[in-house]
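Colleague: could you work out the structure for the sequence below:
(one chain, ligands or ions: 1)
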Amino acid sequence: MHFQLEPQTVAYRDEVRAHLAQALPPEVEERVYRSGVAHDHDFALGLVDKGYFAPSWPEEFGGQNRNAWDDQVVKEQMMLFDAPVYLSETTRMVASIIRQIGTSEMKDRILGGALKGDITIALGFTEPECGSDVAAAATKAVREDNTWVINGSKMFTTNGHIADYIFLLARTDPDKPKHKGLTMFLVPCATEGFEAQAVWTLSGERTNITFFSDVRIGDEWRIGEVDGGWQVLGLSLQDEHASGWGPHLARLLEHAESWATTTRLPNGSKHIDNPDVRRRIARAAMETEVSTLLQRRCVWMAEQGQVPVAEGPMSKVFSTEALERASQDIVEMVGPDALRSYLEPTAPEHGRFDHTLRFSLGTTIYAGTSEVQRTIIAQRGLGLPR
Ligand SMILES: Cc1cc2nc3c(=O)[nH]c(=O)nc-3n(C[C@H](O)[C@H](O)[C@H](O)COP(=O)(O)OP(=O)(O)OC[C@H]3O[C@@H](n4cnc5c(N)ncnc54)[C@H](O)[C@@H]3O)c2cc1C
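Modeller: All right, here's what the predicted structure looks like:
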């Protein structure tokens, strides 16, 4: 087992990096940040054109049949460049489920458009009253002949205000045990009765609370069996739990190194001459390396046909908590100037320290909180009792 990239993967990574460097000039970075929306239509179309949208998908579905390492370096570079890909990722995640279990009618309607960047899909799992315990969803879908009538609300439906569809978890049988009375739907956002209201996060991201008031959709928008939603949801959560955030740490490290080696103290010495600065930077470098290796181990396991049941959550918890730790540590290291706002021209490193500190806090929450991930590691990884 080794986690160095093969020369052909390095070449592919460099190609991706060159594309991102020209597709994400400072104006795009600023527009994306000021809007709070991690999606940019032209940028997404550029990914499609280059084949970076779903590189490992089979060619007949619009992919390039690339291996898991190519897929991984694309993901790593997107994070390193802080590319606005959240809506592309959720779209690909749902498209992948439709590819696996969707009806042929659903595949025809969605897959082509999704892989071309013309159709986008947001995730509607969390509700105002339940997030970690997502199976407690109370949004109801009631069947009337061949139509479903949906009522309820979802919290943190990120990109729900611009997406074409919501991948919705709804309760279809309130009398069954909670995991057994759920069904998944693809709800067209243009349907009457759907509404999205803005919710802003500490890092300036726009997410939404979405409302479903007598939203009526045909049974053709159901994904999977009636009351079989938990199994369908499992396909997407498995993907989320295997995430790693090391490249965000790597970017923070680059900025910390740049600050330490290019700025000077009043006595003329560089910050990097200070042993405390070197100690903090070295710690961030070690945690970046561990985060990268934990994530790459998941890729390696997936390639061997193994499911990284505990290793995926380990990668998520370690890398996001390391990002939080390093962000705070580097703000202390740089001092009060580090809190000057992101994109403020006179802030050190254009305010990346401020932004990363605020951004890091959400990463331990979405895609499963650290507490939930630790429970998975304990119960499913180590076999400990509930
Ligand atoms: C910026 C952002 C974007 C998001 N985007 C989306 C999205 O696009 N679609 C979507 O559906 N959701 C999205 N989410 C929701 C996210 O997945 C949930 O916030 C997360 O799952 C936690 O749920 P909650 O907020 O209801 O917190 P809760 O579940 O209420 O948890 C509150 C606290 O209690 C802890 N806790 C809960 N249960 C347990 C337990 N059994 N054992 C130990 N501790 C526990 C949690 O770890 C947490 O610290 C997003 C969230 C954020 C912040």
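Colleague: quick one, strands of the protein?
Modeller: 121-124, 140-144, 147-155, 165-171, 182-188, 194-200, 206-218, 222-223 (DSSP state E).
Colleague: relative to the ligand, which of these is closest?
Modeller: strand 121-124 (3.8 Å; C-beta to the nearest ligand atom). (Each C-beta comes from the backbone N, C-alpha and C, glycine too.)
Colleague: pull up the pairing partners for the closest one, direction included.
Modeller: strand 165-171 (parallel) (DSSP bridges).
Colleague: how about residues contacting the partner strand?
Modeller: For strand 165-171, the external contacting residues (C-beta atoms under 8 Å, 6 or more residues apart in numbering) are 90, 94, 97, 110, 119-125, 134, 137-141, 148, 150, 152, 154, 157, 160, 181-189, 194, 210, 212, 223, 229, 233, 236.
Colleague: quick one: it to strand 147-155, angle?
Modeller: If you take axes from the mean of the first three to the mean of the last three C-alpha atoms, to 10 degrees, strand 165-171 sits at 100 degrees to strand 147-155.
Colleague: does strand 165-171 reach the ligand?
Modeller: No. Applying C-beta under 6 Å from any ligand atom, one finds strand 165-171 separated from the ligand by no less than 7.9 Å.
Colleague: export that strand to PDB, keeping only CA atoms.
Modeller: Written as PDB, here are the backbone C-alpha positions of strand 165-171 (Å, rounded to 0.1, in the frame of the first residue of the first chain):
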ATOM      1  CA  TYR A 165     -34.900  19.900  -7.900                       C
ATOM      2  CA  ILE A 166     -34.800  19.000  -4.200                       C
ATOM      3  CA  PHE A 167     -33.900  15.400  -3.300                       C
ATOM      4  CA  LEU A 168     -36.500  15.200  -0.500                       C
ATOM      5  CA  LEU A 169     -36.800  12.800   2.400                       C
ATOM      6  CA  ALA A 170     -40.500  12.600   3.400                       C
ATOM      7  CA  ARG A 171     -42.600  10.500   5.800                       C
END
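Colleague: roughly how far is that strand from the heart of the chain?
Modeller: Its chain's average C-alpha position is 18 Å from that of strand 165-171, according to C-alpha atoms, centre = their mean, to the nearest Å.
Colleague: next, count neighbours for residue 168.
Modeller: The local packing of residue 168 (other C-beta atoms under 10 Å) involves 30 other residues.
Colleague: of the strands of the chain, flag the one that's most buried.
Modeller: Stretch with highest mean neighbour count among these: strand 121-124 (a mean of 28; mean count of other C-beta atoms under 10 Å).
Colleague: how near is residue 84 to residue 294?
Modeller: Using C-beta to C-beta, to the nearest Å, we find residue 84 at a distance of 25 Å from residue 294.
Colleague: just to revisit the earlier point, the contacts of strand 165-171: which ones sit near the ligand?
Modeller: Among these, the ligand is touched by 122, 123, 124, 125, 157 when using C-beta under 6 Å from any ligand atom.
Colleague: residue furthest from the geometric center of this structure?
Modeller: residue 267 (44.0 Å; C-alpha atoms, centre = their mean).
Colleague: confidence score at that one?
Modeller: In this prediction, residue 267 carries a pLDDT score of 94.
Colleague: just residue 241 next, same as before
Modeller: Confidence score, pLDDT, at residue 241: 57.
Colleague: would you tell me which residues of the stretch 201-350 of the chain are close to the ligand?
Modeller: Counting by C-beta under 6 Å from any ligand atom, the stretch 201-350 of the chain sits next to the ligand at 201, 205, 207.
Colleague: isn't residue 179 right up against residue 136?
Modeller: No. Contact criterion C-beta atoms under 8 Å: residue 179 and residue 136 do not qualify, at 9.6 Å.
Colleague: contacts only, for residue 214.
Modeller: 149, 150, 151, 193.
Colleague: buried set for stretch 266-277?
Modeller: 271, 272, 277 (16 or more other C-beta atoms under 10 Å).
Colleague: hey, which helix or strand in the chain has the poorest pLDDT?
Modeller: helix 229-241 (a mean of 80; mean pLDDT, DSSP states H and E).
Colleague: low pLDDT regions in this structure?
Modeller: 238-242 (pLDDT under 70).
Colleague: contacts for stretch 348-355 next, please.
Modeller: By C-beta under 8 Å, 6+ apart, stretch 348-355 touches 33, 203-204, 251-252, 255-256, 258-259, 263, 327, 330-331, 334, 337-344, 347.
Colleague: now do the same contact list for residue 138.
Modeller: 127, 129, 130, 152, 171.
Colleague: the residues you listed: which two are farthest apart?
Modeller: Distance extremes for those: the farthest pair is 129 and 171 at 12.4 Å, using C-beta to C-beta.
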